[in-house]
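> quick one, structure for this:
(one chain, ligands or ions: 1)
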Amino acid sequence: MVANDDQWGAHTQKKKTWYLTTPIYYPSDNLHIGHAYTTVAADALARFHRLYGDEVLFVTGTDEHGQKIAQKAAEAGKTPKDFVDGIVAFIQDPLWKTLKVSYDRFIRTTDADHIEVVQHVFKQLLDQGDIYKGTYEGWYCLPDETFWTESKLVDGKCPDCGRPVERVSQESYFFAMGRYQQRMKEYILSHPHFIQPPSRRNEMLSFLDSGLEDLSISRTGLSWGIPVPDDPAHVIYVWFDALLNYLTAAGYSSPSGQFENTWPPDVQLVGKEIVRFHTIIWPIILMALNLPLPERVFGHGWLLIGDTKMSKSRGNAVDPLELVEKYGVDAVRYYLLREVPFGADGNYTEESLRLRINVDLANDLGNLLSRTTAMINRFAEGRIPSLHTQRREIDRLLPDLAAEVYEGVENAMHHLLISDAIQQVYRLIRAANKYIEDRAPWKLAKDPAFREDLDNVLYNLAETLRVVSVLLTPFLIDTPDKIRKQLGLTAPIKSYREAIFGQLKGGEEIARGEPLFPRLDLHGDKDGSEVLTTGALLPNNPGAKAEPKPDGGTPGTEREGTGTVEEIGIDEFQKIDLRVGTIRHAEVVPSADRLLKLTIFDGERDRTVVSGIRAHYDAGELIGRQVVLVANLKPVKLRGIVSEGMLLAGSHGDLLSLIAPSTPLPEGARVK
Ligand code: MSP
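Okay, the predicted model is just below:
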């Protein structure tokens, strides 16, 4: 049964369900990270709204009819239904299951309730004169399943995708869209938020100005589709069928009252190439049905490979499951959500994904957690201290910023600025890392007079991490819980309000764990055996063989090859404190052409090391790398900078290579 007047009349006080949709994808092939991009973005919005206390209906699904699918099925030697069943099963599990897409309904255009809705709508519009029968003479783009008139073609090809079009001449039903042109234009003008971002709105306004023709909405000679009621020689045009999925999924045909409480959609996410379908054809169908229009249609940009759109037909598609297998679901989700400002096009490269993992996830977030828990272990016997009165201004910094970020994330998410929301969270994470440097808890720990200060610093850090765990919940799946586990928190996150600073009680027993994200070698695997073959303890200034070393070590110990060095006992070797560290910052030392100033996290704190490797490495490429640090060298001043250690590297002739663990290790790990 389809929604009738009685249903419209029924009134309920219930808060409207927050209704969110993705496009329904063609199951003509396996999907790629372009599809994952839209779907994961929608998932983040859905999770945010659930956390925010909204009842959410999040719908995704598949667009299964049409000539293109029929052809693919024939090529595969299957019936269309068997063919799509196989692909749809894969999309649901493992694809969306692995990416943790929390849809509430997966709609298929072959679902019985959808077929009922499509036929009902068709009949209603036919009865009321918005659909009529005529003859279609024009062009058809098969890959896009789109009709075009001669005048809209570009160089005789499809204006959307540039591929060849075929001539079609057949009896057809038409949707009388032309008559809605003015009304549609007025609607867009009077609803500035309907089409987003604003650039897409302008495109649609000029499209409308170029004239709106009636749309052919049926085809003959094709059996894979929903038949026109009472005229089965025609099947309904796949786009007309597909757009109506949004009505079906909201319960249009169901007598339950769900529809009244759900309609209209709050956000419809689509890729920019199908904005026209969603902001002209689709709303005109709704106008004809006398239904409210969606609040917002957001046309996001494309993931590109080089300069071209990633797509199955171009053969440059990247498989999301392969990436998850390699990097984990949270890293892939983080990348998709953070890398490209939502709305713009963005280039996909695996290097940029790896860089995000190292810098944002392993370094900034991972380090904050490992440093905080390490210090609570060391300076507070493994329990988060309770907060004392925060007497110092500097200790207000994180609570104040957390309040700002709370609102910033909320605001960004309401405006669908997902990447911006994540950047807000990172303001807090980076400020917390800086706060560690500024407050230097290891110094406070030396003087009992600073006990309360130390407690406050440790509390602020742990509480910031708790807040971060809540704020990251819409985006990442396992990480928030991992953070909380290490902080000794077990209760699941239920509400966005838990991201308000100050809810940690103190006394929680922390449980240090694995690093949150393993750090990746951005430059391919290095062979650690180099340390042994060249035996080089690299002075920070390798070019200057006879000069005093920046770290104060004895000059003249550099050598190449083997056999020229006197023997030492293991006791002597063990005097050298070698530790794994991670380079967090690197910058050129002005007026010293061989030197870089590095900030290296050693598991406990950031150290400054001045190193003479500038001829071999750019500052930018070092960030995120693991290195082996000689940790117990006496500090020396070099070009006015105190250098607190030395890096291990192999060298041979002009070659020089920093030594790193072959798989990532927690910072502070002993090298022996
Ligand atoms: N079936 C239609 C949509 C009907 S909706 C009523 C369709 N399907 S599709 O399989 O081609 O999926 C297109 C959508 O997938 C895009 O609008 C976008 O959401 C997503 N993407 C596919 N490739 C993409 C990129 N390279 N980059 C970003 N998103 C991409 O069109």
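> could you list the domains of the chain?
Domain assignment of the chain by automatic domain parsing yields the ranges 17-300, 350-499, 536-658.
> just how off-centre is the first one within its chain?
Same thing as domain 17-300. In terms of C-alpha atoms, centre = their mean, to the nearest Å, the gap separating the centre of domain 17-300 from the centre of its chain is 25 Å.
> what number of residues lie near residue 615?
Each residue near residue 615 was counted by other C-beta atoms under 10 Å, and the total is 12. Placement of C-beta: from N, CA and C, glycine included.
> same thing with the one 3 residues further on?
One way to gauge burial is a neighbour count; for residue 618, by other C-beta under 10 Å, it gives 10.
> what's the answer for residue 295, then?
15.
> quick one: it and residue 265 touch, right?
Yes - using C-beta atoms under 8 Å, residue 295 is in contact with residue 265, at 6.8 Å.
> quick one: which of the domains of the chain is nearest residue 517?
domain 350-499 (4.1 Å; C-beta to C-beta).
> how long is the closest one end to end?
End-to-end distance of domain 350-499 (C-alpha to C-alpha, to the nearest Å): 32 Å.
> tell me which element residue 428 falls in.
helix 418-439 (DSSP states H and E).
> now the helix or strand following that helix: buried residues?
On the C-terminal side of helix 418-439, the closest following helix or strand by DSSP H and E is helix 441-444. Using 16 or more other C-beta atoms under 10 Å as the test for burial, helix 441-444 gives 441, 444.
> could you count how many residues lie near the residue in the stretch 101-250 of the chain positioned nearest to the ligand?
The stretch 101-250 of the chain approaches the ligand most closely through residue 242 (3.9 Å), counting by C-beta to the nearest ligand atom. Per other C-beta under 10 Å, the neighbour tally for residue 242 reads 26.
> and residue 287, by the same measure?
17.
> can you check residue 179 too?
By other C-beta under 10 Å, neighbour count at residue 179 equals 13.
> need the contact list for it.
With contacts defined as C-beta atoms under 8 Å, 6 or more residues apart in numbering, residue 179 is in contact with no residue.
> am I right that it falls within a strand?
No - counting by DSSP: H, G, I helix; E, B strand; the rest coil, residue 179 is not found in a strand; it is helix.
> work out the gap between the strand or helix carrying residue 367 and the centre of the chain.
Per DSSP H and E, residue 367 falls inside helix 367-379. Helix 367-379 has its average C-alpha position 27 Å from the chain's average C-alpha position, going by C-alpha atoms, centre = their mean.
> touching, residue 174 and residue 134? I think so.
Yes - between residue 174 and residue 134 a contact is recorded at 5.3 Å, counting by C-beta under 8 Å.
> so these two - more neighbours on which side?
Counted by other C-beta under 10 Å, residue 174 and residue 134 do not tie: residue 174 has more neighbours, with 19 against 11.
> host element of that one?
Using DSSP H and E, residue 174 falls in strand 166-175.
> now swap in residue 37 and tell me
Short version, using DSSP H and E: residue 37 is in helix 33-51.
> quick check: mean pLDDT of that helix?
The average pLDDT within helix 33-51 is 98.
> ok, stretch 363-376 next?
Stretch 363-376 comes out at a mean pLDDT of 96.
> how about stretch 70-79?
Mean predicted confidence for stretch 70-79 is 96.
> that stretch: which residues count as buried?
Quick answer for stretch 70-79 (16+ other C-beta under 10 Å): 70, 72-73.
> quick one: residues contacting whichever residue of the stretch 201-350 of the chain sits closest to the ligand.
Distance from the ligand to each residue of the stretch 201-350 of the chain (C-beta to the nearest ligand atom) is smallest for residue 271, at 2.5 Å. Shown in contact with residue 271 (C-beta under 8 Å, 6+ apart): 23, 34, 38, 299-302.
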